[in-house]
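# Quick one, fold the following:
(chains A and B)
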Amino acid sequence: MVRVRFAPSPTGNLHIGGGRTALFNWLYARAKQGKFILRIEDTDKLRSKKEFVDEILNSLSWLGFNWDEIYYQSQRFSIYSELAQKLLSEGKAYTEKSPEREGEAIIFRVLPQKIKVNDLIRGEIEFNAQVLKDQVLIKSDGTPTYNFACVVDDATTDITHVIRGDDHISNTPKQALLYQALGFKLPAFAHLPLIMGMEGGRLSKRTGATAISDYRIMGYLPQALVNYLLLLSWSPGENRELIDIGEAIKLFDLTSVNKTAATFDLKKLGWVNNQYLKNEDSEKLTDQIIPMLVEKNFINRDNFDRNYLLSLVKLFQSRLNLVNDFVDWADFFFMEEVSLDPRAQEKYLNQDFSREFSLFIERLKGLKSFDIVSIEESFRSLVSQLGIEAKALIHPVRVALTGKTIGPGLFEVIYYLGLERTNKRLKRFIK
RNA sequence: GACCCUGUCGUCUAGCCUGGUCUAGGACAAGAGCUUUUCAAGCUCUCGACACGGGUUCAAAUCCCGUCAGGGUCACCA
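Purely as a prediction, here's the structure:
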(Lines give C-alpha, C1' and ligand atoms only; values in the text may rest on other atoms or scores of the structure.)
Protein backbone atom coordinates (compact mmCIF):
# COMPACT_ATOMS: atom_id res chain seq x y z
CA MET A 1 0.00 0.00 0.00
CA VAL A 2 1.10 3.51 -0.80
CA ARG A 3 2.13 5.49 2.27
CA VAL A 4 3.22 9.09 1.87
CA ARG A 5 4.01 11.77 4.38
CA PHE A 6 4.11 15.49 4.79
CA ALA A 7 6.70 16.53 7.33
CA PRO A 8 6.50 20.18 8.35
CA SER A 9 8.69 21.76 10.97
CA PRO A 10 6.69 23.80 13.49
CA THR A 11 9.03 26.76 13.41
CA GLY A 12 6.64 28.92 11.43
CA ASN A 13 3.28 28.97 9.68
CA LEU A 14 2.36 26.61 6.91
CA HIS A 15 3.48 28.48 3.82
CA ILE A 16 2.43 28.25 0.20
CA GLY A 17 5.25 25.89 -0.74
CA GLY A 18 4.47 23.59 2.17
CA GLY A 19 0.79 23.64 1.30
CA ARG A 20 1.63 22.61 -2.22
CA THR A 21 3.86 19.76 -1.04
CA ALA A 22 1.06 18.63 1.26
CA LEU A 23 -1.37 18.82 -1.65
CA PHE A 24 0.66 16.51 -3.89
CA ASN A 25 1.23 14.03 -1.09
CA TRP A 26 -2.41 14.01 -0.08
CA LEU A 27 -3.55 13.78 -3.71
CA TYR A 28 -1.24 10.88 -4.43
CA ALA A 29 -2.38 9.04 -1.32
CA ARG A 30 -6.03 9.49 -2.27
CA ALA A 31 -5.41 8.62 -5.91
CA LYS A 32 -3.71 5.36 -4.90
CA GLN A 33 -6.03 4.69 -1.98
CA GLY A 34 -3.05 4.88 0.30
CA LYS A 35 -2.32 6.64 3.56
CA PHE A 36 -1.40 10.27 4.09
CA ILE A 37 0.78 10.63 7.15
CA LEU A 38 1.73 13.76 9.00
CA ARG A 39 5.04 14.04 10.75
CA ILE A 40 5.84 17.02 12.91
CA GLU A 41 9.57 17.63 12.76
CA ASP A 42 10.03 19.24 16.14
CA THR A 43 13.53 18.16 17.04
CA ASP A 44 14.69 21.74 17.41
CA LYS A 45 13.38 22.44 20.88
CA LEU A 46 14.21 26.11 20.79
CA ARG A 47 12.50 27.03 17.56
CA SER A 48 9.58 24.59 17.59
CA LYS A 49 6.38 26.04 19.00
CA LYS A 50 3.09 24.47 19.92
CA GLU A 51 1.18 27.34 18.33
CA PHE A 52 2.86 26.63 15.01
CA VAL A 53 1.78 23.00 15.23
CA ASP A 54 -1.79 24.19 15.74
CA GLU A 55 -1.49 26.69 12.95
CA ILE A 56 -0.15 24.09 10.51
CA LEU A 57 -2.85 21.58 11.43
CA ASN A 58 -5.53 24.22 11.04
CA SER A 59 -4.26 25.29 7.66
CA LEU A 60 -4.09 21.71 6.41
CA SER A 61 -7.65 21.13 7.59
CA TRP A 62 -8.80 24.32 5.95
CA LEU A 63 -7.28 23.15 2.65
CA GLY A 64 -9.09 19.87 3.11
CA PHE A 65 -6.09 17.59 3.56
CA ASN A 66 -7.13 15.16 6.22
CA TRP A 67 -4.39 12.89 7.56
CA ASP A 68 -4.53 9.24 8.53
CA GLU A 69 -1.70 9.15 11.06
CA ILE A 70 0.39 11.70 12.87
CA TYR A 71 3.83 11.41 14.48
CA TYR A 72 5.97 13.81 16.48
CA GLN A 73 9.72 13.45 16.20
CA SER A 74 10.13 14.77 19.74
CA GLN A 75 8.46 11.58 20.94
CA ARG A 76 10.75 9.28 19.00
CA PHE A 77 14.19 10.17 20.32
CA SER A 78 14.79 6.69 21.72
CA ILE A 79 14.42 5.16 18.25
CA TYR A 80 16.99 7.53 16.78
CA SER A 81 19.54 6.90 19.48
CA GLU A 82 19.00 3.16 19.32
CA LEU A 83 19.68 3.06 15.59
CA ALA A 84 22.63 5.42 15.92
CA GLN A 85 24.10 3.06 18.52
CA LYS A 86 23.62 0.21 16.08
CA LEU A 87 25.61 2.00 13.39
CA LEU A 88 28.23 2.79 16.01
CA SER A 89 28.58 -0.83 17.05
CA GLU A 90 28.85 -1.91 13.42
CA GLY A 91 31.67 0.57 12.88
CA LYS A 92 29.65 2.55 10.34
CA ALA A 93 29.72 5.57 12.60
CA TYR A 94 32.07 7.06 15.16
CA THR A 95 31.85 9.48 18.03
CA GLU A 96 33.51 12.82 18.17
CA LYS A 97 33.93 15.35 20.90
CA SER A 98 34.13 18.95 19.87
CA PRO A 99 36.06 21.28 22.16
CA GLU A 100 33.33 23.93 22.24
CA ARG A 101 30.57 21.53 23.17
CA GLU A 102 29.54 19.23 25.97
CA GLY A 103 28.84 15.63 25.08
CA GLU A 104 29.72 13.54 22.08
CA ALA A 105 28.23 13.56 18.62
CA ILE A 106 27.68 10.40 16.59
CA ILE A 107 28.94 10.78 13.07
CA PHE A 108 28.28 8.62 10.03
CA ARG A 109 31.19 7.55 7.89
CA VAL A 110 30.60 8.36 4.21
CA LEU A 111 32.42 5.87 1.97
CA PRO A 112 33.37 6.93 -1.55
CA GLN A 113 30.96 5.51 -4.09
CA LYS A 114 28.49 6.41 -6.80
CA ILE A 115 24.90 6.86 -5.67
CA LYS A 116 22.06 6.51 -8.11
CA VAL A 117 18.57 7.56 -7.16
CA ASN A 118 15.56 7.19 -9.36
CA ASP A 119 13.20 10.12 -9.15
CA LEU A 120 9.63 9.63 -10.38
CA ILE A 121 9.53 13.14 -11.79
CA ARG A 122 13.10 13.62 -12.97
CA GLY A 123 14.37 10.19 -13.77
CA GLU A 124 17.73 8.94 -12.62
CA ILE A 125 19.97 11.31 -10.68
CA GLU A 126 23.57 10.35 -10.03
CA PHE A 127 25.78 11.66 -7.25
CA ASN A 128 29.33 11.05 -6.21
CA ALA A 129 29.72 10.42 -2.49
CA GLN A 130 33.19 11.87 -2.72
CA VAL A 131 31.74 15.38 -2.50
CA LEU A 132 29.91 14.49 0.71
CA LYS A 133 31.32 14.97 4.16
CA ASP A 134 30.77 12.56 7.02
CA GLN A 135 27.28 13.18 8.38
CA VAL A 136 26.34 14.00 11.93
CA LEU A 137 23.64 11.60 13.08
CA ILE A 138 23.17 12.61 16.70
CA LYS A 139 24.31 16.02 17.86
CA SER A 140 26.29 16.55 21.04
CA ASP A 141 23.10 17.48 22.86
CA GLY A 142 21.61 14.11 22.02
CA THR A 143 19.10 15.30 19.42
CA PRO A 144 19.08 13.74 15.96
CA THR A 145 19.92 15.68 12.83
CA TYR A 146 17.33 16.26 10.15
CA ASN A 147 18.64 13.74 7.63
CA PHE A 148 18.98 10.96 10.18
CA ALA A 149 15.59 11.45 11.83
CA CYS A 150 14.01 11.73 8.42
CA VAL A 151 15.42 8.42 7.20
CA VAL A 152 14.66 6.59 10.43
CA ASP A 153 11.09 7.85 10.45
CA ASP A 154 10.40 7.24 6.79
CA ALA A 155 11.78 3.72 7.08
CA THR A 156 10.14 2.77 10.37
CA THR A 157 6.73 4.17 9.41
CA ASP A 158 6.86 2.32 6.09
CA ILE A 159 6.78 5.34 3.83
CA THR A 160 6.71 4.11 0.23
CA HIS A 161 6.97 7.43 -1.61
CA VAL A 162 8.88 10.48 -0.48
CA ILE A 163 7.28 13.46 -2.22
CA ARG A 164 8.95 16.72 -1.28
CA GLY A 165 10.39 19.94 -2.64
CA ASP A 166 13.23 20.24 -5.07
CA ASP A 167 15.41 21.75 -2.38
CA HIS A 168 15.78 18.28 -0.88
CA ILE A 169 17.44 16.76 -3.93
CA SER A 170 20.85 17.30 -2.46
CA ASN A 171 19.77 15.61 0.78
CA THR A 172 18.77 12.53 -1.15
CA PRO A 173 22.23 10.97 -1.62
CA LYS A 174 23.01 11.47 2.06
CA GLN A 175 19.79 9.78 2.99
CA ALA A 176 20.26 6.98 0.47
CA LEU A 177 23.54 6.13 2.16
CA LEU A 178 21.80 5.95 5.53
CA TYR A 179 19.09 3.65 4.18
CA GLN A 180 21.84 1.39 2.89
CA ALA A 181 23.79 1.40 6.16
CA LEU A 182 20.68 0.73 8.21
CA GLY A 183 19.59 -2.05 5.89
CA PHE A 184 16.32 -0.36 4.99
CA LYS A 185 14.65 -0.49 1.62
CA LEU A 186 14.86 2.76 -0.33
CA PRO A 187 11.46 4.41 -0.94
CA ALA A 188 10.53 5.97 -4.25
CA PHE A 189 11.38 9.65 -4.52
CA ALA A 190 9.57 12.46 -6.27
CA HIS A 191 10.99 15.96 -6.09
CA LEU A 192 8.52 18.73 -6.77
CA PRO A 193 9.64 21.92 -8.48
CA LEU A 194 9.84 24.96 -6.24
CA ILE A 195 7.44 27.88 -6.29
CA MET A 196 9.10 31.18 -6.97
CA GLY A 197 8.13 34.76 -6.33
CA MET A 198 7.37 37.25 -9.10
CA GLU A 199 10.85 38.73 -8.85
CA GLY A 200 12.61 35.40 -9.13
CA GLY A 201 14.01 33.35 -6.32
CA ARG A 202 12.02 31.76 -3.60
CA LEU A 203 8.58 33.00 -2.71
CA SER A 204 9.27 35.33 0.17
CA LYS A 205 7.41 37.77 2.36
CA ARG A 206 8.86 40.60 0.36
CA THR A 207 7.01 39.48 -2.76
CA GLY A 208 3.71 38.94 -1.00
CA ALA A 209 1.87 36.82 1.53
CA THR A 210 3.48 33.43 2.10
CA ALA A 211 1.34 31.75 4.74
CA ILE A 212 -1.66 29.67 3.77
CA SER A 213 -3.56 31.35 6.59
CA ASP A 214 -2.85 34.75 5.04
CA TYR A 215 -4.83 33.66 2.02
CA ARG A 216 -7.67 32.45 4.19
CA ILE A 217 -7.78 35.81 5.97
CA MET A 218 -7.59 37.71 2.69
CA GLY A 219 -10.71 35.93 1.48
CA TYR A 220 -9.60 33.19 -0.85
CA LEU A 221 -11.63 30.01 -0.99
CA PRO A 222 -9.65 26.88 -0.09
CA GLN A 223 -10.88 25.06 -3.21
CA ALA A 224 -9.63 27.93 -5.35
CA LEU A 225 -6.23 28.03 -3.71
CA VAL A 226 -5.87 24.27 -4.05
CA ASN A 227 -6.92 24.41 -7.70
CA TYR A 228 -4.41 27.14 -8.39
CA LEU A 229 -1.60 25.37 -6.56
CA LEU A 230 -2.34 22.24 -8.53
CA LEU A 231 -2.07 24.14 -11.81
CA LEU A 232 1.35 25.39 -10.81
CA SER A 233 3.09 22.18 -11.78
CA TRP A 234 0.51 19.88 -13.16
CA SER A 235 -2.10 20.04 -15.86
CA PRO A 236 -5.28 17.99 -16.12
CA GLY A 237 -4.95 18.18 -19.91
CA GLU A 238 -7.53 19.15 -22.52
CA ASN A 239 -6.81 22.82 -21.83
CA ARG A 240 -8.64 22.64 -18.55
CA GLU A 241 -7.91 25.19 -15.87
CA LEU A 242 -10.65 24.55 -13.36
CA ILE A 243 -10.81 21.17 -11.76
CA ASP A 244 -12.38 20.08 -8.54
CA ILE A 245 -10.37 17.97 -6.19
CA GLY A 246 -12.44 14.83 -6.76
CA GLU A 247 -11.68 14.86 -10.44
CA ALA A 248 -8.07 15.70 -9.78
CA ILE A 249 -7.79 12.56 -7.66
CA LYS A 250 -8.96 10.53 -10.65
CA LEU A 251 -6.62 12.15 -13.14
CA PHE A 252 -3.55 12.74 -11.00
CA ASP A 253 -0.30 10.98 -11.65
CA LEU A 254 3.09 11.80 -10.17
CA THR A 255 4.98 11.13 -13.38
CA SER A 256 3.11 13.91 -15.17
CA VAL A 257 4.17 16.56 -12.68
CA ASN A 258 6.31 19.28 -14.27
CA LYS A 259 10.01 19.65 -13.67
CA THR A 260 10.21 23.39 -13.93
CA ALA A 261 9.97 25.86 -11.09
CA ALA A 262 6.79 27.92 -11.31
CA THR A 263 6.20 31.56 -10.50
CA PHE A 264 3.37 32.35 -8.14
CA ASP A 265 0.97 34.69 -9.93
CA LEU A 266 -1.53 36.44 -7.68
CA LYS A 267 -3.55 37.65 -10.68
CA LYS A 268 -4.31 34.18 -11.86
CA LEU A 269 -5.09 33.03 -8.33
CA GLY A 270 -7.55 35.93 -8.22
CA TRP A 271 -9.19 34.75 -11.41
CA VAL A 272 -9.49 31.20 -10.13
CA ASN A 273 -10.94 32.51 -6.89
CA ASN A 274 -13.52 34.59 -8.76
CA GLN A 275 -14.52 31.54 -10.77
CA TYR A 276 -15.10 29.53 -7.61
CA LEU A 277 -16.82 32.41 -5.86
CA LYS A 278 -19.35 32.70 -8.67
CA ASN A 279 -20.32 29.09 -8.25
CA GLU A 280 -20.05 28.89 -4.49
CA ASP A 281 -23.19 28.03 -2.56
CA SER A 282 -24.65 31.38 -1.46
CA GLU A 283 -25.68 30.02 1.92
CA LYS A 284 -22.13 28.91 2.67
CA LEU A 285 -20.76 32.20 1.48
CA THR A 286 -23.21 33.99 3.74
CA ASP A 287 -21.99 31.92 6.69
CA GLN A 288 -18.48 33.00 5.89
CA ILE A 289 -19.40 36.65 5.57
CA ILE A 290 -21.46 36.93 8.78
CA PRO A 291 -18.46 37.03 11.17
CA MET A 292 -16.85 39.75 9.05
CA LEU A 293 -19.97 41.87 9.27
CA VAL A 294 -20.25 41.29 13.00
CA GLU A 295 -16.67 42.38 13.43
CA LYS A 296 -17.36 45.57 11.52
CA ASN A 297 -20.47 46.14 13.64
CA PHE A 298 -22.54 46.05 10.47
CA ILE A 299 -24.86 43.48 11.98
CA ASN A 300 -25.64 42.20 15.42
CA ARG A 301 -24.52 38.64 15.91
CA ASP A 302 -27.77 37.51 17.51
CA ASN A 303 -30.24 39.67 15.70
CA PHE A 304 -30.16 40.07 11.94
CA ASP A 305 -32.26 39.09 8.96
CA ARG A 306 -30.49 36.18 7.39
CA ASN A 307 -32.67 36.00 4.31
CA TYR A 308 -32.08 39.65 3.61
CA LEU A 309 -28.34 39.16 3.99
CA LEU A 310 -28.48 36.15 1.70
CA SER A 311 -30.15 38.27 -1.00
CA LEU A 312 -27.39 40.85 -0.70
CA VAL A 313 -24.72 38.15 -0.97
CA LYS A 314 -26.35 36.90 -4.15
CA LEU A 315 -26.38 40.43 -5.50
CA PHE A 316 -22.62 40.76 -5.13
CA GLN A 317 -21.48 37.18 -5.52
CA SER A 318 -20.51 37.19 -9.18
CA ARG A 319 -18.51 40.39 -8.73
CA LEU A 320 -16.36 39.32 -5.81
CA ASN A 321 -12.70 38.63 -6.27
CA LEU A 322 -12.25 37.97 -2.58
CA VAL A 323 -14.84 37.02 0.01
CA ASN A 324 -13.82 40.11 1.97
CA ASP A 325 -14.72 42.39 -0.94
CA PHE A 326 -18.33 42.09 0.16
CA VAL A 327 -17.67 43.99 3.34
CA ASP A 328 -16.25 46.96 1.45
CA TRP A 329 -18.55 46.89 -1.53
CA ALA A 330 -21.83 46.38 0.30
CA ASP A 331 -21.08 48.59 3.29
CA PHE A 332 -23.77 51.10 2.33
CA PHE A 333 -26.46 48.52 3.11
CA PHE A 334 -25.34 48.45 6.72
CA MET A 335 -24.46 52.04 7.44
CA GLU A 336 -26.79 54.73 8.61
CA GLU A 337 -24.90 57.47 6.78
CA VAL A 338 -23.36 56.70 3.43
CA SER A 339 -19.69 57.51 3.23
CA LEU A 340 -19.32 59.39 -0.02
CA ASP A 341 -16.28 58.75 -2.15
CA PRO A 342 -15.22 62.34 -3.02
CA ARG A 343 -14.11 61.30 -6.48
CA ALA A 344 -17.46 59.63 -7.12
CA GLN A 345 -19.25 62.78 -6.09
CA GLU A 346 -16.99 64.90 -8.27
CA LYS A 347 -17.65 62.66 -11.24
CA TYR A 348 -21.42 62.16 -11.13
CA LEU A 349 -22.90 64.36 -8.43
CA ASN A 350 -21.26 67.70 -9.08
CA GLN A 351 -24.43 69.53 -10.08
CA ASP A 352 -27.89 70.09 -8.67
CA PHE A 353 -30.28 67.16 -9.12
CA SER A 354 -32.96 68.50 -6.74
CA ARG A 355 -35.69 68.42 -9.33
CA GLU A 356 -34.84 64.99 -10.73
CA PHE A 357 -34.42 63.40 -7.30
CA SER A 358 -37.68 64.91 -6.03
CA LEU A 359 -39.62 63.66 -9.01
CA PHE A 360 -38.12 60.22 -8.66
CA ILE A 361 -38.97 59.99 -4.96
CA GLU A 362 -42.52 61.00 -5.72
CA ARG A 363 -42.83 58.26 -8.28
CA LEU A 364 -41.36 55.66 -5.94
CA LYS A 365 -43.77 56.68 -3.21
CA GLY A 366 -46.68 56.32 -5.60
CA LEU A 367 -45.72 52.77 -6.60
CA LYS A 368 -48.41 50.16 -6.01
CA SER A 369 -45.79 47.52 -5.59
CA PHE A 370 -42.23 48.28 -4.56
CA ASP A 371 -40.45 45.63 -6.63
CA ILE A 372 -37.47 45.71 -8.96
CA VAL A 373 -39.48 45.73 -12.18
CA SER A 374 -41.79 48.52 -11.03
CA ILE A 375 -38.89 50.58 -9.77
CA GLU A 376 -37.17 50.33 -13.13
CA GLU A 377 -40.37 51.14 -15.02
CA SER A 378 -40.98 54.25 -12.98
CA PHE A 379 -37.38 55.34 -13.45
CA ARG A 380 -37.46 54.79 -17.21
CA SER A 381 -40.68 56.68 -17.66
CA LEU A 382 -39.28 59.55 -15.59
CA VAL A 383 -36.14 59.94 -17.70
CA SER A 384 -38.14 59.78 -20.90
CA GLN A 385 -40.46 62.48 -19.52
CA LEU A 386 -37.43 64.59 -18.62
CA GLY A 387 -35.96 63.89 -22.04
CA ILE A 388 -32.61 62.72 -20.70
CA GLU A 389 -30.60 59.57 -21.08
CA ALA A 390 -31.10 56.94 -18.43
CA LYS A 391 -27.46 56.92 -17.47
CA ALA A 392 -27.47 60.66 -16.94
CA LEU A 393 -29.58 60.02 -13.86
CA ILE A 394 -28.56 56.47 -12.96
CA HIS A 395 -25.03 57.48 -12.00
CA PRO A 396 -26.01 60.40 -9.76
CA VAL A 397 -28.63 58.30 -8.01
CA ARG A 398 -26.15 55.46 -7.45
CA VAL A 399 -23.59 57.78 -5.94
CA ALA A 400 -26.20 59.36 -3.69
CA LEU A 401 -27.42 55.98 -2.49
CA THR A 402 -24.19 54.02 -2.25
CA GLY A 403 -21.41 56.61 -2.20
CA LYS A 404 -19.66 54.68 -4.96
CA THR A 405 -19.52 54.63 -8.73
CA ILE A 406 -19.44 50.85 -8.85
CA GLY A 407 -21.89 48.30 -7.62
CA PRO A 408 -24.77 46.06 -8.62
CA GLY A 409 -27.63 47.19 -10.86
CA LEU A 410 -29.25 50.35 -9.54
CA PHE A 411 -32.79 49.02 -9.37
CA GLU A 412 -31.77 46.06 -7.26
CA VAL A 413 -29.90 48.42 -4.99
CA ILE A 414 -33.02 50.57 -4.55
CA TYR A 415 -35.18 47.54 -3.94
CA TYR A 416 -32.94 46.13 -1.21
CA LEU A 417 -32.29 49.53 0.32
CA GLY A 418 -36.03 50.03 0.62
CA LEU A 419 -38.15 53.11 0.07
CA GLU A 420 -37.38 54.74 3.38
CA ARG A 421 -33.61 54.68 3.10
CA THR A 422 -33.70 55.54 -0.60
CA ASN A 423 -35.85 58.53 0.21
CA LYS A 424 -33.61 59.66 3.04
CA ARG A 425 -30.41 59.37 1.05
CA LEU A 426 -31.73 61.18 -2.00
CA LYS A 427 -33.17 63.98 0.15
CA ARG A 428 -29.72 64.82 1.36
CA PHE A 429 -29.03 66.19 -2.11
CA ILE A 430 -32.26 68.10 -2.56
CA LYS A 431 -31.96 71.78 -1.84
C1' G B 1 33.40 28.02 -6.03
C1' A B 2 31.77 22.61 -6.04
C1' C B 3 27.69 19.44 -6.83
C1' C B 4 22.68 18.91 -8.52
C1' C B 5 18.09 20.45 -11.05
C1' U B 6 15.65 23.21 -14.93
C1' G B 7 15.11 26.10 -19.69
C1' U B 8 8.05 26.75 -24.90
C1' C B 9 4.34 33.76 -25.10
C1' G B 10 5.40 38.74 -19.31
C1' U B 11 3.19 34.42 -16.12
C1' C B 12 0.95 29.14 -15.70
C1' U B 13 1.00 25.46 -19.27
C1' A B 14 -0.25 21.70 -23.95
C1' G B 15 3.06 19.48 -27.30
C1' C B 16 8.70 16.36 -26.14
C1' C B 17 8.94 9.85 -24.23
C1' U B 18 6.83 7.30 -29.64
C1' G B 19 10.69 13.47 -34.92
C1' G B 20 6.51 15.19 -39.97
C1' U B 21 -0.58 16.67 -38.49
C1' C B 22 3.25 22.99 -34.85
C1' U B 23 3.31 29.21 -40.08
C1' A B 24 3.42 25.86 -31.80
C1' G B 25 -2.71 25.13 -28.83
C1' G B 26 -5.17 26.90 -24.17
C1' A B 27 -5.41 30.02 -19.65
C1' C B 28 -3.99 34.52 -16.68
C1' A B 29 -2.26 39.42 -17.53
C1' A B 30 -2.16 43.51 -21.18
C1' G B 31 -4.67 46.16 -25.40
C1' A B 32 -9.21 46.86 -28.57
C1' G B 33 -14.34 46.06 -29.25
C1' C B 34 -19.46 44.17 -28.28
C1' U B 35 -23.21 44.37 -24.42
C1' U B 36 -24.62 48.17 -21.24
C1' U B 37 -26.58 51.23 -15.88
C1' U B 38 -21.07 51.69 -13.33
C1' C B 39 -17.99 47.69 -11.82
C1' A B 40 -17.59 42.48 -12.23
C1' A B 41 -19.01 38.63 -15.40
C1' G B 42 -19.78 37.08 -20.52
C1' C B 43 -18.59 37.18 -25.82
C1' U B 44 -15.19 38.62 -30.09
C1' C B 45 -10.49 40.13 -31.65
C1' U B 46 -5.17 41.75 -31.07
C1' C B 47 -0.28 41.42 -29.00
C1' G B 48 3.03 37.58 -27.62
C1' A B 49 7.28 31.90 -26.96
C1' C B 50 10.27 26.75 -28.79
C1' A B 51 17.40 30.44 -24.59
C1' C B 52 21.71 30.19 -28.12
C1' G B 53 25.15 27.36 -31.19
C1' G B 54 26.43 22.89 -33.36
C1' G B 55 25.20 18.03 -34.83
C1' U B 56 21.85 13.48 -36.34
C1' U B 57 17.89 13.28 -40.12
C1' C B 58 14.62 14.00 -46.24
C1' A B 59 12.43 16.41 -41.78
C1' A B 60 13.85 18.74 -34.87
C1' A B 61 10.11 22.43 -29.97
C1' U B 62 10.65 17.04 -30.02
C1' C B 63 16.92 12.97 -30.31
C1' C B 64 22.53 14.06 -29.08
C1' C B 65 26.56 17.52 -27.62
C1' G B 66 28.23 22.23 -26.06
C1' U B 67 27.39 27.21 -24.37
C1' C B 68 24.59 30.50 -21.73
C1' A B 69 20.85 31.68 -18.28
C1' G B 70 17.82 30.76 -13.96
C1' G B 71 17.16 27.98 -9.51
C1' G B 72 18.59 24.71 -5.45
C1' U B 73 22.16 22.59 -1.93
C1' C B 74 26.69 22.62 0.36
C1' A B 75 25.39 23.42 9.29
C1' C B 76 26.12 19.40 15.55
C1' C B 77 18.80 24.31 11.01
C1' A B 78 14.89 21.58 9.23
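# Tell me where chain A has strands.
Read by DSSP state E, chain A holds these strands, from start to end of the chain: A:3-6, A:35-40, A:69-72, A:93-96, A:105-108, A:114-119, A:123-128, A:135-138, A:161-165, A:188-192, A:195-196, A:262-263.
# Make JSON lines out of those and add distance to RNA strand B.
Heads up, the C-betas are built off the backbone N, CA and C, glycines and all. What follows is the strands of chain A, written out as JSON lines (distance: least, CB to the nearest atom of the strand, whole Å):
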{"stretch": "strand A:3-6", "distance to RNA strand B": "12"}
{"stretch": "strand A:35-40", "distance to RNA strand B": "9"}
{"stretch": "strand A:69-72", "distance to RNA strand B": "11"}
{"stretch": "strand A:93-96", "distance to RNA strand B": "5"}
{"stretch": "strand A:105-108", "distance to RNA strand B": "4"}
{"stretch": "strand A:114-119", "distance to RNA strand B": "8"}
{"stretch": "strand A:123-128", "distance to RNA strand B": "4"}
{"stretch": "strand A:135-138", "distance to RNA strand B": "4"}
{"stretch": "strand A:161-165", "distance to RNA strand B": "8"}
{"stretch": "strand A:188-192", "distance to RNA strand B": "7"}
{"stretch": "strand A:195-196", "distance to RNA strand B": "6"}
{"stretch": "strand A:262-263", "distance to RNA strand B": "3"}
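# so of those strands, which one's packed in deepest?
Across the strands of chain A, the average number of neighbours (mean count of other CB atoms under 10 Å) peaks for strand A:3-6, which reaches a mean of 25.
# Let's have the strands of chain A in JSON lines, adding mean pLDDT and distance to residue A:360.
Conversion of these to JSON lines gives the following (pLDDT from 0 to 100; distance: least, CB to CB, whole Å):
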{"stretch": "strand A:3-6", "mean pLDDT": "98", "distance to residue A:360": "60"}
{"stretch": "strand A:35-40", "mean pLDDT": "98", "distance to residue A:360": "61"}
{"stretch": "strand A:69-72", "mean pLDDT": "98", "distance to residue A:360": "63"}
{"stretch": "strand A:93-96", "mean pLDDT": "96", "distance to residue A:360": "87"}
{"stretch": "strand A:105-108", "mean pLDDT": "97", "distance to residue A:360": "83"}
{"stretch": "strand A:114-119", "mean pLDDT": "94", "distance to residue A:360": "70"}
{"stretch": "strand A:123-128", "mean pLDDT": "93", "distance to residue A:360": "72"}
{"stretch": "strand A:135-138", "mean pLDDT": "97", "distance to residue A:360": "80"}
{"stretch": "strand A:161-165", "mean pLDDT": "98", "distance to residue A:360": "61"}
{"stretch": "strand A:188-192", "mean pLDDT": "97", "distance to residue A:360": "60"}
{"stretch": "strand A:195-196", "mean pLDDT": "94", "distance to residue A:360": "53"}
{"stretch": "strand A:262-263", "mean pLDDT": "95", "distance to residue A:360": "51"}
